[in-house]
Each structure stands twice: as structure tokens, then as C-alpha cells.
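Colleague: Quick one: sequence plus predicted model below, questions after.
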Amino acid sequence: MTSDSTERAPHSRQGADPAEECKRIESDLERLKALIGDAGDRLLLSFNQIAALLPQLAATDEERVQVVESVHAAVTALQFQDMAIQLTEHAQRRLSFLEEQLRSQSALGPDGTHSHPTHPVRQFGMAAGSIDLF
Amino acid sequence: MQSILAVDDSASMRQMVSFTLKGAGYEVIEAVDGQEAFEKAQTQSVDLVLTDQNMPRMDGVTLVKNLRGLPAYSSTPILILTTESSDEMKSRGRAAGATGWLVKPFDPSKLLEVIRKVIR
């Protein structure tokens, strides 16, 4: 058995308190947010350094067009950090809500349902979003 | 040089927006939320406002409403750039006086195209 496998959390948590499980998942999501934030910051730093040098490397107009297109594609993709963190925070809010409900089963509304926080991120990929001019 | 007030609570988003706008020759003034943007807009004039929606202290739609209440910003283009894509939110933005609603992630070429179309 490797040391890596001994550090993993057990997959089976039979008998575990569901509210406590929610809290653990919230904590995992907090770590995920920190990892995404750190990776995003490092990528941005590298992007800025490379983007500053790229125009000097393009000799022809065709190369310049390619450089601009590549930089623009990177700008679109690098927005993942903001979206991923918003999505993670939303998942944390839902878990927090679920945890509260599990801790207080008597909190049902008159129709027997709970209201959920509204979802700020509906995108499934990093393709550019829609544009509406009013 | 035309100036744009870029508002977003995410530092990485502000960086991507600034990089795109500065590369196209615009002066960029940054604000971390609607409240700071509203304060900056009253001390320096800008040609366009590009704001996020979900921010602490003051959200984008409230910023639009507040800016439209100032005579200096009655006709300044204000674009909302957000992850929010529901028709309900877009309607709220439109009712507040926003010029347009752009869903993240943005494509720099398309963002600049829209800005050139609405900026005076």
C-alpha cells in the first residue's frame, strides 16, 4: 500500500451524519477554490509575461494576426477562474442550505418545499457568451 | 483617449478586461464593486461603463440605476458583463437603463466590436 492511498479519505461513510458530510464537502470545496485561485493567478502572471513579449516575436502581418488571435483565445479561456470560483461558491451555498435543512427538519415551508439560492452560472463550457444590445 | 470604467470584484476579470481595452487604445479606470465605481464616476468623467452584475456592496443593476440618476451619465453607454444569463436578469438590466448585456466569458474581439458600436 502506498503512502498516497493511506492518506485518502474513506469512500464509504456508512452511519456518518449527513449534516457533517455536507460540512466536509463544503470544506473540500473551499480547498478547491484555493487551488483554482492559485492556479489562475500563476497562469495570469505567465500570460502577462508572454503577452508582453509576443508582439516582438511576430515578424510578418500574418504572424501578428495569429498572435492576436491566440492571445484573444487565451483571454477568453483565462476567465475560467472567475466562473469556477462563482460556481464553487454557489455549490457551497447550496450545501450550507442543505446542511441547515438536515439539522432542522422542521423548517419545511407551507408547501413542503425549500427555496434554493438562484444559480449565477449556467454555462457548460468556455465558449464566448451571448451579447444583447438593448 | 476615450476612457472606460471597468467594474468587477474579480481581480482576474479586471485584468482580462483591462488587458483587452488597453490593447485597443482605451484608458481604463478600474473599480472593485458598484460602490467604488459610483464614487469614481462622480469624480472623473468616463465615456463608457463596463460592469459585472454580482458584486459586494453594490451590484451592477443598482450601479446602472444610480448612474442614470446623474445628469452626466444619462446617455453614457453602460454594458453589463456577467455570468448571469437569465431573461429575468436581462430584463432588470434593461429596465435600469443598461445599454447592453454581455454574458461571460467574453471574446475580446466581440467585446471591442460592441464597445466601438455604442461608444461616442
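Modeller: Arrived safely. Since this is a predicted model, take the numbers as computed values, not measurements. Numbers count the residues shown, from 1 in each chain, chains lettered A, B, ... in the order given.
Colleague: Using the three-state scheme, assign B:Ala37.
Modeller: helix (DSSP: H, G, I helix; E, B strand; the rest coil).
Colleague: Quick check: B:Thr20 touching A:Ala74?
Modeller: No. Applying Cβ atoms under 8 Å as the test, B:Thr20 and A:Ala74 come out as separate, 11.1 Å apart. For every residue, glycine as well, the C-beta is placed using N, CA and C.
Colleague: what's near enough to touch B:Gly25?
Modeller: Neighbouring residues of B:Gly25 by Cβ atoms under 8 Å, 6 or more residues apart in numbering or on different chains: B:Met1.
Colleague: Backbone dihedrals for it, please?
Modeller: Main-chain torsions, B:Gly25, degrees, to the nearest 10: phi 90, psi 10.
Colleague: Quick check, the residue in chain A closest to chain B?
Modeller: Closest to chain B within chain A is A:Gly129: 2.8 Å, counting by Cβ to the nearest Cβ.
Colleague: show me the contacts for B:Ser12.
Modeller: Neighbours of B:Ser12 in contact, by Cβ under 8 Å, 6+ apart: A:Gly40, A:Asp41, A:Leu44, A:Leu78, A:Gln79, A:Gln81, A:Asp82.
Colleague: tell me the two of these that are most distant?
Modeller: Farthest pair in those (Cβ to Cβ) is A:Asp41 and A:Gln79. Separation: 13.7 Å.
Colleague: Looking at those two, which is more packed in?
Modeller: Per other Cβ atoms under 10 Å in any protein chain shown, whichever of A:Asp41 and A:Gln79 has more neighbours is A:Gln79, with 22 against 14.
Colleague: Please tell me how far the nearest residue in space to the more buried one that is not next to it in sequence sits from B:Gln15.
Modeller: Using Cβ to Cβ, 6 or more residues apart in numbering or on different chains and skipping residues adjacent in sequence, the residue nearest A:Gln79 is B:Pro105, 3.9 Å away. Separation of B:Pro105 from B:Gln15 (Cβ to Cβ, to the nearest Å) stands at 14 Å.
Colleague: Surely the residue nearest to A:Gln79 and A:Ala74 touch.
Modeller: No. Checked against Cβ under 8 Å, the pair B:Pro105 and A:Ala74 is beyond contact range at 11.3 Å.
Colleague: Of the two, which one has the most company?
Modeller: Legend: neighbour count by other Cβ under 10 Å for B:Pro105 and A:Ala74, higher for B:Pro105 (23 against 16).
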